[in-house]
Each structure stands twice: as structure tokens, then as C-alpha cells.
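S.K.: no sequence on this one, just coordinates:
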């Protein structure tokens, strides 16, 4: 532009600026390279996966365990180590030579349990590192946000630990898949057990983490416990990462409730349960009955954190390392050899999701998200620790047995803290894809997006 | 030119050139080298550079000129984001109505918060703004859940009204059909440059508001703001009522923040209450101080610095370190990795903290002061004197953006 000469009028400069702006806008379209068939089509000898987990914040312990399992999955896919669940998986197309002959590499990112940070991290994985799949998320708010991003960007999202009904309900997406169970399943599995243990005449008080997971878990638990005759006294929302829950626990005793349901997870659950026990709730007699606490969603890491307070408390799990099937044994063995500890159920779901993605790519013969989605929809498999499992085509949710667990009264070591109460068969936790808690008839997957 | 002095025109042109060429500058390492890890030329980060540049530019009008430290600027950022997402939900994915609303809404918010907070100065002002911001955060987080969708964050659903949405219109943010997340990749040898529509959109807006803020800095209005920083009482004694000036500066600054927040949502159609949290307000203070508050270019550099750390350093995990130090003998390798790993990956805050301490202790004027020192050293060595110091410092400092 001729701005250095002094005789320029304002009008000419404006014209020049407008032309420049239009030029800058057009510039990218002029130089477009030959477009690839889909976003981040791998062209070299390697393929990159993105592991987006919380490494800081209230769910950090879960996130770090997920990362361990994801690294292990990459090793097994590349034929290093003992192969883990590849040996027991019912589909045998993975040969330990990467995916479709390409060596698997990975990048990791920190979601900080914050959807903004998680999306920035996922975007940089997609735009900078060129990943074909994002796996992870240890919070449903984050999972829903990142799933939406992956749908827009045209890559596959393999959800990690996300338990909200919304992930495969109201917010389901064609490019997103969830292996983990959900809040509805927890409610359906827990209710009969609670009825047997505590009776049908109980008054429940809910403390709930204030975001999508907490809301849907509370909704599910209220529905299923009222289904067995319980009454809901009150439901209170608490902020995520609050640290101190004493202000929320004090009113519980005055409310006349005799069961406290803690819809909390991670460090929040450790804190709220510990404080509830310190306040002496479990020693109280209310309405002539022993006061009880229920934690609908359990994890080994939380149980470890809560220590003795967990004894006798009921909860549900997606998977536990103490199961005795071949898949579980193989996974626990290779995880234990590498890290010297048993894997948590969040680690398990991320490991399985990574293998399932690899298997689907191998069967589809492409990394194209649409091909992979087709290979995963309606896929039935076994040997991954949960028994026969179905990836339902209508909402991309896995259906399998649910574990009901209880804190062990006499743990033999630091990892042996939970015991099985019941393995709830899959039929009991299955629901219709248009169930009102899952967005009803309005919820749709949309169409799969392969991106550029 | 354009009402600017010769020197400032040169400065503006340099900034325009650098901003437009950012996709090339930030991609200094070829894709095949192991240093490609440090490349920052991908759309998301470049957009963030421009957006946080705008945010901190606005903050600098208040803090840099008047010395009033607002600890609640994130509230305006959040208001801007929510405005834009609501326009997506109600009208369609065109970003323009949302951005206009974002600026207006944040202006109204700033008028109200400023009117109350500016009754006090110094630390009391800071605390008041902090209180308002935390209040907005908590309102957005729980009380106004129908409006903000609480912790989950506001996003667009398929069953939203979107009354202007026509058949075949883009389903992601766009400006009259120019889709924001579209980009062109150009391969030159081993280098791959990404030219992204969204980046150029934010960059052009950033240049416009940079020009605006340059004009404010050089105007009589800017002079009065500086005078307030130097001695407010003396101005009062001279018969000048400082309050309207302060309030205007506060509102302009809030509108900048609202624009930045709106642009965040224009690049990525989702927003959450976290954007209003005090950590976000603190971040912009860090950016301004790290770069050099009160200078034109400093805060923008600070913003770039912090965003670079947040996005690039935080992704160096242990397996990357093992690649780098793979050539060392095993024992030494483990030791080196053990020393380095707390400072990278999720420990990037630690590195940033140390850096911040170094800057505050040794370079109170921020990165810009550091750049001036370096330039000064070269000048003396070459036997020049330094009347043109200011100008050359600014141009020397820019390539780092």
C-alpha cells in the first residue's frame, strides 16, 4: 500500500484497507492444497491418537490412571509388551503391528476438568498434531464439550470416564462413542440391592455435583429409588471442587432423612464422604433406622482416598480388577507389571476404548470417521472384561453387565477395598434409545462428519 | 497518517505486517524435525494470540494509563461469550450480530460495575471489581442456570430456534458464509503453513482495535488518564473532574474485553462460567505486567507469551522428554528427566511462575524493558546514540509476537 507517501486521502486508505481485508479473506481459498478425504488422513508410516485427560483439578487421580492405561494400549497395539487384552478380545484382526500397518503414536493433553481448557487442548491435538481420534475426559461436562468439538472437526471421539446420561442421551453425536456405563444404569442396578439391604421405607437426601453428570445421576437415582418406595427429602447442588462440604452436610441431620446419596466423584467424593463420616452421620439412628450413605458411582481411586470411611458403603462400577474372567486377568497382569498397581475402572474403559477404535479401523480398512463409526455401530464383542457387550447403533452406548460394589469391612491390602455385591445382568439396565432421561425422541446422532 | 505521527504510522504498519504474517512466523521449524513440537502456527493458538491480545489491550487502557488495577475483567469476557452463543441459538451462526451484542452488553455491564467500583481507588477498587466478577461468576454458575447452563456451559443444540438459519447455511460460526474454522494448508518443502479464516478475521479486528487504542494513547483523553495515574488530587485541584474520564476508560476497557470474549465464542461456539472466574481475571493482569504495562506492545507480547506457555509447554510429557534425552546413558537420562519434568507438562505453571518472578524483580518494565536493554546494548556497541530508541525497541520486540 502507498501509505508512506504523504498525499494519501482518508478515502484512498479506506479503499486500500477494504481491498486488503477482502484479499486476506480470499487468500486461503486460492492456495488450498489437494483436499484429503477426511480430517487428518495419516499419510506417513505412523498414526497419531490424542489422549485428553485431567492431569490437574479434582479428577486428576483418575486422569493420570487413564493416561497409564492409554500408554499401555499403545504399546500393545504396536506389539510391545505381552499384548494384554488383545489375546482375549473376541475380534482377532489386530496383529500387534499398529493400526492398518501404521505405528501408533500418541500425544497427551491436560483438560484440567474444565471444558474451555479441554477444548483448547483437543483443538491443538487436532490442528497441530493431526490426531485421528481423541480419547479421554474424566468429567461428563468436559466429555460433552469435547465430543461436540470432535463432531465439528470430523474426527472420532472415544469417551473415557463419563457417566452422565447426556453424553449418549441428549448430547449424543454421530462421531462420539461411549464404552463406560451411565447414571441410568447405576440407578437401575443399585435400586434392588438398596431395597434388600435397607428396606423399602427410606427417606433419601441427595448432595449433587452441579453439572451435567450430577444432574442426570440425581435424576436417575431419584427415579429408581422412588421406584422401590423411597421418599426424596431434598436435593442440594454443590459446586465442583468445593473442597469443604460441611455447610452442606450439617442440614442433612435436621431434614429427617435416613439415607444420604452422594452424587459426587473424585476428590469431591473423598471430601464429602470423609466429612459426612466425621460428622457422625453413620452412627446416628434416624426414624428408628441406622443412617446410611450411598455413593452411586464408585472408583478404586476414590475408595483408596476415602480409606476406612468407605466401609459398608454401596456403589456401582463399570468394571473392577478383581473380576476373574480372562480379559480382566490379562489386563491386570500387564498393567500391574508395568506400573506396580491394579488399574482403576477409568483406566480400563480408556484402554478398552483405544483397542476398540483400533479394531474398528482395522475392520473398516480406513481411518475415515464414517467408516469407523459404521464398524462400531451394532458391534458385539467379548473378552474385554465386561462379558458380552454391544455397541448400540442408535446412541453409540455400550450395553453390558453392571457391578454393584460395597466397601470391604476387612481389607487385606491397600488395593483390596471393595467387594462384589452383585453383577447386575445387562437386561436389567437396558433402556430404549428414546428414553425421556436420554433426550426423548428429540435426541439424534446427526450424521457422521468426516471433516475436510 | 490516519491522524498518527510518522513514527506511529510506521509502528502501525509494522504491527499490521507482522500480524498478517503470523502463520509463517510461528512455524519456524520443519515438520520433520523434533523441534516441530515448538511450532505454534496452528489456528486455535493463533486465534488465541489475537483474542487475548485484544483483551489485554483493553485492560491496558485502564491499568496501563490510569494505574487502576481491575481484578474483574474476566466478567466482561464471559458476558461477551454468552452474548455471542445466545445469538447463535436465537438467530444463526453468523458471528456479526453476536459480536455487536457482546460489545454493547459488556459496555452496559462495565458502566454499572465501573460506576460503583470507581467510587474508591487503589486496593479498594481492585477488591470491588474482584467482588463483582466473582458475583457474576457465581450467578452464571448456579443462579442463572437457564440463561447460562451452569457448569456444563452454554452450547447450541439442534432444537434451538435459530430463526435466520436457512437451508444449507454453515453449521459452525461464519461471517456471511465465510466459515471460521476453514483453513488452507500450504506446504513449502518440509514446512506446512496454515492460513485460517478465523485467524484472519480476529487479526483484522485486532489491528482495528490496536489502531483505536493507539489513538486513545496519543489523544488528550489519554493524556488526562496518564495525569490521573501520576496525581489525581492535583487534577482535582486544577478543577478537572476525573470521574467521567475514569468511567469512560473503564467502559472502553470493558468493551474490549467483551469483544475478546465474543471472539472466543466466534471461534469455538461454546462458553462456560469458568471464563468469568478470578483466575481468568488474574491471567490478564499477569499478561500486562509480564509484557510491560503502559506500553503499547508490551501487554500483547505478554499475552502471547502466556498463551504459548499454556499450550505448548503443557504438552511436553515424559515420553517427549525420553525422545529428547534418549541419547544420554540410562542413569543420567532418568536424572535429567526427573529434574526437567516438574517444569513441563502439567507443571508449566511452575515455569511461568519462576519467569514471572524474574521479570518482576529484574525487569519491572516487563519484556519490553528487556528488549530495550538488549537494543541499547547493540546501539552502544555500534557507536550510535539512542534518540530513536523507542521506535527501534518496538520493532525489535515485535517478531516475538
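M.R.: Received it, and whenever you're ready, just let me know what you need. Since we're looking at a predicted model, the values are computed, not measured. Residues are numbered from 1 along each chain as shown, chains lettered A, B, ... in the order given.

S.K.: ok, the closest residue to residue A:98 other than its chain neighbours - how many residues close by?
M.R.: Excluding its sequence neighbours, the residue lying closest to residue A:98 (C-beta to C-beta, 6 or more residues apart in numbering or on different chains) is residue A:104, at 5.1 Å. C-beta: built from backbone N, CA, C; applies to glycine. The number of residues packed near residue A:104 is 20, by other C-beta atoms under 10 Å in any protein chain shown.

S.K.: same question for the one 5 residues further on.
M.R.: By the other C-beta under 10 Å criterion, the neighbourhood of residue A:109 contains 29 residues.

S.K.: helix/strand/coil for residue B:235?
M.R.: Going by DSSP: H, G, I helix; E, B strand; the rest coil, the secondary structure assigned to residue B:235 is helix.

S.K.: what sits against the residue of the stretch 201-350 of chain B found nearest chain A?
M.R.: Per C-beta to the nearest C-beta, residue B:346 is where the stretch 201-350 of chain B lies closest to chain A, at 4.2 Å. Residue B:346 is in contact with A:55, A:56, A:110, B:314, counting by C-beta atoms under 8 Å, 6 or more residues apart in numbering or on different chains.

S.K.: just flag the most distant two among those residues.
M.R.: Farthest-apart pair in those is A:56 and B:314; separation 9.6 Å (C-beta to C-beta).

S.K.: do you know the pLDDT at residue A:22?
M.R.: For residue A:22, the pLDDT comes out at 54.

S.K.: which stretches of the chain have low pLDDT?
M.R.: Because you didn't say which chain, this covers chain A. Filtered on pLDDT under 70, chain A yields the residue ranges A:1-35.

S.K.: I was after chain B.
M.R.: By pLDDT under 70, the weakly predicted segments of chain B are B:1, B:383-401.

S.K.: all strands of it, in order?
M.R.: Taking DSSP state E as the criterion, chain B contains strands spanning B:154-155, B:174-175, B:178-179, B:183-188, B:191-196, B:270-271.

S.K.: re earlier: bridging residues for the residue nearest to residue A:98?
M.R.: Note on residue A:104: beta-bridge partners residue A:47, judged by DSSP bridges.

S.K.: that one and residue A:303: what is the separation?
M.R.: Remark: distance between residue A:104 and residue A:303 (C-beta to C-beta, to the nearest Å) = 32 Å.

S.K.: same question for residue A:59.
M.R.: 15 Å.

S.K.: also residue B:269?
M.R.: 39 Å.

S.K.: filter the contacts of residue B:346 down to just the ones in strands.
M.R.: residue A:110.

S.K.: out of the contacts of residue B:346, which are buried?
M.R.: Among those, the ones that count as buried by 16 or more other C-beta atoms under 10 Å in any protein chain shown are A:55, A:56, A:110, B:314.

S.K.: list the residues that contact the third one.
M.R.: The contact partners of residue A:110, taken as C-beta under 8 Å, 6+ apart, are A:53, A:54, A:55, A:56, A:63, A:117, A:121, B:314, B:345, B:346.

S.K.: ok, and the closest non-adjacent residue to it?
M.R.: Computed as C-beta to C-beta, 6+ apart, the closest residue to residue A:110 that is not its neighbour in sequence is residue A:55, at 4.2 Å.

S.K.: center of chain B - which residue?
M.R.: The residue lying closest to the centre of chain B (C-alpha atoms, centre = their mean) is residue B:52, at 1.6 Å.

S.K.: distance check, the nearest residue to that one once chain neighbours are set aside against residue B:16.
M.R.: Distance criterion C-beta to C-beta, 6+ apart; nearest residue to residue B:52, sequence neighbours excluded, is residue B:303 at 4.1 Å. As defined by C-beta to C-beta, residue B:303 lies at a distance of 18 Å from residue B:16.

S.K.: now do residue A:405
M.R.: Residue A:405 is 62 Å from residue B:16, by C-beta to C-beta.

S.K.: can you check residue A:351 too?
M.R.: In terms of C-beta to C-beta, residue A:351 sits 50 Å off from residue B:16.

S.K.: buried ones in stretch B:133-152, by neighbour count?
M.R.: Those buried within stretch B:133-152 under the rule 16+ other C-beta under 10 Å are B:133-134, B:136-137, B:139-142, B:145, B:148-152.

S.K.: from the chain's centre, how far out does that stretch sit?
M.R.: 23 Å (C-alpha atoms, centre = their mean, to the nearest Å).

S.K.: what does stretch A:308-325 give?
M.R.: 18 Å.

S.K.: with neighbour numbers in mind, choose between residue B:303 and residue B:16.
M.R.: The neighbour count for residue B:303 versus residue B:16, taken as other C-beta under 10 Å, is higher for residue B:303 (31 against 20).

S.K.: quick one, what contacts the more buried one?
M.R.: Residue B:303 touches B:49, B:52, B:53, B:55, B:56, B:284, B:287, B:291, counting by C-beta under 8 Å, 6+ apart.

S.K.: next step: those residues restricted to helices.
M.R.: Among the contacts of residue B:303, the ones falling in helices (DSSP state H) are B:49, B:52, B:53, B:55, B:56, B:284, B:287, B:291.

S.K.: ok, stretch B:12-28 near chain A or not?
M.R.: Yes. Counting by C-beta under 8 Å from any C-beta of the partner chain, chain A is contacted by stretch B:12-28 at B:13, B:20.

S.K.: quick one: terminal-to-terminal distance for that stretch?
M.R.: One end of stretch B:12-28 to the other measures 24 Å (C-alpha to C-alpha, to the nearest Å).

S.K.: hmm, back to that, near chain A, from the buried residues of stretch B:133-152?
M.R.: Within the buried residues of stretch B:133-152, those near chain A by C-beta under 8 Å from any C-beta are B:141, B:142, B:150, B:151, B:152.

S.K.: isn't residue A:192 right up against residue A:228?
M.R.: Yes. Between residue A:192 and residue A:228 a contact is recorded at 7.3 Å, counting by C-beta atoms under 8 Å.

S.K.: rewinding a little: give the contact list for the residue nearest to residue A:110.
M.R.: Taking C-beta under 8 Å, 6+ apart, we find residue A:55 in contact with A:63, A:64, A:67, A:108, A:110, A:111, A:112, B:345, B:346.

S.K.: could you dump those into a markdown table with distance to residue A:80 added?
M.R.: Output for those, formatted as a markdown table (distance: C-beta to C-beta, whole Å):
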| residue | distance to residue A:80 |
| --- | --- |
| A:63 | 23 |
| A:64 | 21 |
| A:67 | 17 |
| A:108 | 18 |
| A:110 | 25 |
| A:111 | 27 |
| A:112 | 30 |
| B:345 | 23 |
| B:346 | 25 |
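
S.K.: closest one of these to residue A:145?
M.R.: Distance to residue A:145 across those (C-beta to C-beta) is lowest for residue A:111, with 9.3 Å.

S.K.: which residues touch the closest one?
M.R.: Under the criterion of C-beta under 8 Å, 6+ apart, the neighbours of residue A:111 are A:52-55, A:63, A:117-118, A:121, A:136-139, A:142, A:146.

S.K.: need the nearest residue in space to residue B:227, chain neighbours excluded.
M.R.: residue B:235 (5.4 Å).

S.K.: quick one, phi psi at the residue of the stretch 101-250 of chain A found nearest chain B?
M.R.: In the stretch 101-250 of chain A, the residue that lies nearest chain B is residue A:211 (3.6 Å; C-beta to the nearest C-beta). With angles defined as degrees, to the nearest 10, residue A:211 sits at phi -160, psi -180.

S.K.: quick check, it in contact with residue A:141.
M.R.: Yes. If you go by C-beta under 8 Å, residue A:211 and residue A:141 touch, sitting 4.5 Å apart.

S.K.: of the two, who's got more company?
M.R.: residue A:141 (31 against 27).

S.K.: which residues sit in contact with the residue nearest to the centre of chain B?
M.R.: B:260, B:284, B:287, B:303, B:304, B:306, B:307.

S.K.: of these, select the buried ones using a ChimeraX command.
M.R.: Buried members of those, identified by 16+ other C-beta under 10 Å, are gathered into one ChimeraX selection as follows:
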select /B:260,284,287,303,304,306,307
